[in-house]
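**Student:** This is a predicted model, with the sequence first.
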Amino acid sequence: MSKLRSHTIVPGNLYVRRKADEQVAQIIEDMGRPGYVLVARQMGKTNLLLNAKREASETDLFAYLDVSNVFPDLRGFFRNIVDVATEALKEQGVFLAEAINRDRGSEELLSHKEHERELRRILQVVTGKLIICLDEIDALTKTPYSDQIFSFIRSIYFSGRSNIPEFSRLTYILSGVAEPTELIRNKAISPFNIGEKIYLDDFTFDEFDRFLKLTEIEFSEEVCDRIFYWTSGHPRMTWDVVSAVEKRSPPFTGEVVDSAVQELYFSAVDLPPIDHIKSIVENSREIRDAVVAIHYGKAGSLTESLRTKLYLAGISRFDVQTRQVFFKNKVLETSLSEEFLRSVGERQTSFEVGLKYFGNAIFDESLSAFAEFITNQPSDPRIPLAQYWAGVSCYRLGRYKEAIAFFGVGNASLPVKSIVARYFFLGMCHLAVQEYVMAVEFLQQAVAGRQVSDFPQTYYEAKIALSGALLHLKSAQNEKTFLDAIALSRSVLEEEGDMRSLFDDESAVKSLLLRAHLNIARAAGQTSTKEQAMASIEEARQYADGAARLTLLLFEHDLSGSYSESASILDRAVQEVFGVRTFDADTVGGGTSTMGDVVQLLGKLQKAGKLDQLAQVIDHVADHLTATVNIYDFVSDLVVDLFNAGKHQLARRIVDRSLKTQATPHSLEDRRGMLTLAIIINEADADRYGEAYLATFESGEAVADVDLRFLAAITAAALNRSNGTLAKRARDVALKVETYQSLTENGSQSIHGSELVKEYLDLLVKLRTSPDPGVAAQASVFLRRLASLKSFSLTYFPENFHRTMQVELLRRMRGNVRTVPFKRDKKKYGRNDLVVVDYDGVLKKGKYKLFSNDIDRGLCKLVDVPEISTPRKT
């Protein structure tokens with residue numbers, strides 16, 4: 001009988017500990033941060049986690065969950081974690097589970113609040129640690145609530161442990177085959193910047209030898225070497241090859257190993273993990289090209305991102321010392337032969353690849369594949385379809401302008417179902433970018449097409465979106481517009497039964513019903529009475545949670561009739577914001593954007609004078625923003641309003657908080673925008689933001705004259721604090737500004753305003769940092785030029801900035817310039833003696849007393865001494 005049978009889970013007596021086991025144990029011991037097992041399939045990650053469970057302390061509770069079977073909503077996901085944990089408690093868990101279930105039925109808390117409370121109750125029973133292990137978390141990418149899960153996990157290690165002491169005994173181990181950033185929908189915030197990656201490597205030869213000893217299988221050195229030659233210690237392959245060889249009749253030789261490998265991996269049917277790896281290669285042109293590069297020894301130049309993809313696909317390993325990428329083992333190198341790669345290219349185009357990726361909801365890859373097809377196959381009759389699917393991919397990614405461009409090719413050669421769907425997506429894209437007239441035009445076509453579409457569910461979405469778009473048509477609003485909007489939303493309510501038959505997701509149905517009632521309420525608020533509008537709001541509440549409740553409260557506030565009622569609604573709205581864990585910029589569907597609602601709330605709080613609550617809301621939102629939000633757009637108008645209203649301290653606090661949040665801004669321009677806002681409202685401390693502001697130009701981006709105002713503020717503030725290094729850096733950046741604005745000196749000579757500011761900053765720095773006595777003379781000449789100006793005009797600068805430059809230069813010259821004594825002749829001069837002096841080429845004549853200070857400072861020099869003194873009065 002074979003000693004090595006096939007096992008899904010490796011028995012404890014055959015488990016070989018690796019470096020990753022020690023790392024997992026240390027993470028559980030430290031409890032300081034979550035662990036993330038990052039490895040390809042079939043490498044033993046599940047067995048790694050289950051071994052950690054076996055080795056856990058008797059006082060600890062290790063809850064292992066395979067999350068590949070997803071739940072329809074966040075609440076169900078969280079409850080499943082708690083249910084698994086209570087089941088693992090056995091007898092103790094029975095009574096705890098009953099108590100938890102009673103609480104679930106008695107009150108409806110926000111999902112994350114309920115989960116917090118239930119985890120705390122478990123920790124009150126567990127005397128040791130609670131380790132929650134979530135395996136196969138890649139599956140969560142297809143859920144609408146993945147952001148909230150990772151945001152919650154992140155919060156446990158920060159505010160959670162601060163507010164709930166028991167959470168110091170709670171930690172997470174996550175496992176998947178994708179980088180943490182790829183798990184977040186719409187490129188949202190990464191909650192794993194605090195996590196520790198755990199890489200699970202192949203067996204070393206010593207670990208392979210230890211595995212054989214555990215199996216009690218005895219092979220010769222020749223056989224062991226040959227097995228390792230083919231597998232290089234890949235756990236799954238090693239197990240399968242050893243088992244296949246053992247089943248054969250002795251004597252065992254290298255040829256027997258080769259025969260077993262040939263039968264396992266190079267026959268007609270591909271076994272795991274080869275089948276999965278080949279599928280990845282077939283579906284990605286980028287991966288195929290990289291595999292070709294490995295074959296030819298040219299993989300050293302592959303990007304870090306591509307090397308990671310190859311590693312997580314289970315294809316390659318990376319040698320840190322030689323910086324080369326190699327096949328993981330000989331089995332893979334042979335399976336992914338050049339012949340195989342050529343056959344893939346011959347039988348599959350990027351169009352089919354794009355459809356596969358789209359079907360798997362990997363929209364960035366589907367877009368890339370369709371774009372490649374459009375570029376490389378311009379005469380293919382499927383080009384209109386490729387453009388259509390590229391547009392849908394862009395829509396799914398939230399890239400609405402790009403989607404509109406792809407959809408712009410028209411309906412040529414498209415099937416009827418795709419034409420109707422195209423109208424829908426075009427309407428939704430125009431709605432997302434607030435082009436309401438175009439949105440109405442296309443959504444009307446989509447509604448007219450009913451359910452004859454590639455996506456039949458979008459018929460109801462189109463109705464709700466069209467209803468919302470009509471309510472945004474301010475230039476064309478009349479009673480008919482409102483009635484049409486109401487009729488569309490009511491028709492969705494009337495067809496609820498038909499709608500439910502199309503949707504598997506209950507949350508999608510609730511969202512449509514909620515928005516239908518909300519649209520009716522909005523229209524009623526314009527055409528009917530407050531009571532009718534409030535009736536629709538009450539109907540909507542049954543479908544609302546979190547962000548939706550905030551939307552309803554804001555609308556209710558607009559309808560409120562008294563100060564006390566308004567204040568109470570605002571207090572409730574603030575509490576709703578505190579319950580939201582993810583804030584994004586999604587505005588599609590005619591619904592309401594979480595961030596749009598928050599901006600409305602901030603405006604209402606400011607108007608009501610509730611500034612403490614306003615600051616608290618901003619702090620909370622900043623902690624839970626996704627990368628879809630441009631924080632500069634979010635706070636800029638509010639900060640300016642607060643500053644103009646004299647609330648300087650609060651304005652500065654908001655800016656500083658926003659800058660801390662903006663660790664990964666949309667672009668350097670966005671970060672620079674936030675920094676310019678900080679400088680404007682805090683000019684005396686502009687040097688605080690100097691390093692960060694100058695860093696936005698380090699990529700070689702052009703410096704424009706609009707940047708001079710802020711560079712000038714940084715330079716001046718740095719000099720005031722004796723930070724010559726920062727002042728010089730700001731000056732050097734300013735000198736790169738190209739000149740194109742001009743003003744008039746003495747009505748004739750043309751001078752560029754930016755040139756004047758650049759020269760001014762250069763002189764300011766030199767006066768403070770340069771020992772050259774000629775700098776003062778240069779400054780004097782510059783002062784005379786400024787004195788001749790009648791006006792000054794340059795973006796962001798005040799009209800009298802030429803006078804400001806004069807005053808500041810004179811102050812620097814008097815107080816900061818190093819005195820350079822004038823070497824006098826032996827002859828003494830009377831105070832009233834007439835002299836001629838030279839100011840950098842400009843000769844002036846007058847009494848000595850008028851020039852003595854400038855002569856001593858080196859600002860001018862004597863060039864002629866008259867023989868006749870000023871006559872004395874008698």
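**Tutor:** In hand now; what should we look at?
**Student:** Would you mind confirming that Thr238 is in contact with Cys224?
**Tutor:** No - applying C-beta atoms under 8 Å as the test, Thr238 and Cys224 come out as separate, 10.6 Å apart. In this view, the C-beta of every residue, glycine as well, is placed from N, C-alpha and C.
**Student:** okay, the two: which has more neighbours?
**Tutor:** Neighbour comparison, Thr238 and Cys224: the larger count goes to Thr238, with 23 against 18 (by other C-beta atoms under 10 Å).
**Student:** Which residue lies closest in space to the more buried one, excluding its sequence neighbours?
**Tutor:** In space, and not counting its chain neighbours, Thr238 is closest to Thr231: 4.8 Å by C-beta to C-beta, 6 or more residues apart in numbering.
**Student:** got it, and Lys530?
**Tutor:** Spatial nearest neighbour of Lys530, excluding adjacent residues (C-beta to C-beta, 6+ apart): Leu559 at 5.1 Å.
**Student:** how many other residues sit next to the one you found?
**Tutor:** The criterion is other C-beta under 10 Å. On that basis, Leu559 has 18 neighbouring residues.
**Student:** Please verify my assumption that it contacts Arg522.
**Tutor:** No - using C-beta under 8 Å, Leu559 is not in contact with Arg522, being 10.5 Å away.
**Student:** shared neighbours, the two?
**Tutor:** Counting by C-beta atoms under 8 Å, 6 or more residues apart in numbering, the common neighbours of Leu559 and Arg522 are Ala533.
**Student:** Flag every buried residue along the helix or strand harbouring Met805.
**Tutor:** Taking DSSP states H and E as the criterion, Met805 maps to helix 801-815. Of the residues in helix 801-815, 801-802, 804-806, 808-809, 812-813 count as buried by neighbour count, 16 or more other C-beta atoms under 10 Å.
**Student:** Please enumerate the helices of the stretch 251-400 of the chain.
**Tutor:** 254-265, 274-283, 285-295, 304-313, 330-335, 338-347, 350-359, 363-376, 383-396, 400-407 (DSSP state H, counting those that start in this stretch).
**Student:** got the buried residues for the host helix or strand of Phe95?
**Tutor:** Applying DSSP H and E as the criterion places Phe95 in helix 91-106. Under the neighbour-count criterion of 16+ other C-beta under 10 Å, helix 91-106 has 93, 96-97, 100 buried.
**Student:** name the helices or strands packed onto that helix?
**Tutor:** helix 74-88, helix 111-125 (3 or more C-beta pairs under 8 Å, 6 or more residues apart in numbering; DSSP states H and E).
**Student:** of the buried residues of helix 801-815, closest to Gly314?
**Tutor:** Lowest distance from Gly314 to those (C-beta to C-beta) belongs to Phe801, with 63.4 Å.
**Student:** I'd say the closest one and Thr795 touch.
**Tutor:** No - using C-beta under 8 Å, Phe801 is not in contact with Thr795; the gap is 11.2 Å.
**Student:** give me the number of residues near the closest residue to His115 other than its chain neighbours?
**Tutor:** Distances taken as C-beta to C-beta, 6+ apart place Phe78 nearest to His115, at 3.9 Å, with adjacent residues excluded. Phe78 is flanked by 22 other residues according to other C-beta under 10 Å.
**Student:** Now do Phe78 against Ile132, distance only.
**Tutor:** Look at Phe78 and Ile132: by C-beta to C-beta, to the nearest Å, they are 11 Å apart.
**Student:** I'd guessed Arg288 sits against Leu341; true?
**Tutor:** Yes - with contact defined as C-beta under 8 Å, Arg288 and Leu341 form a contacting pair (5.6 Å).
**Student:** Need the residues touching each of these two.
**Tutor:** With C-beta under 8 Å, 6+ apart, Arg288 and Leu341 have common neighbours Val281.
**Student:** higher neighbour count, these two?
**Tutor:** Neighbours per residue, other C-beta under 10 Å: of Arg288 and Leu341, the larger number sits with Arg288, 21 against 17.
**Student:** dump the residue contacts of that one.
**Tutor:** Neighbours of Arg288 in contact, by C-beta under 8 Å, 6+ apart: 281-282, 341, 344-345.
**Student:** repeat for Glu759
**Tutor:** Per C-beta under 8 Å, 6+ apart, neighbours of Glu759: Phe782.
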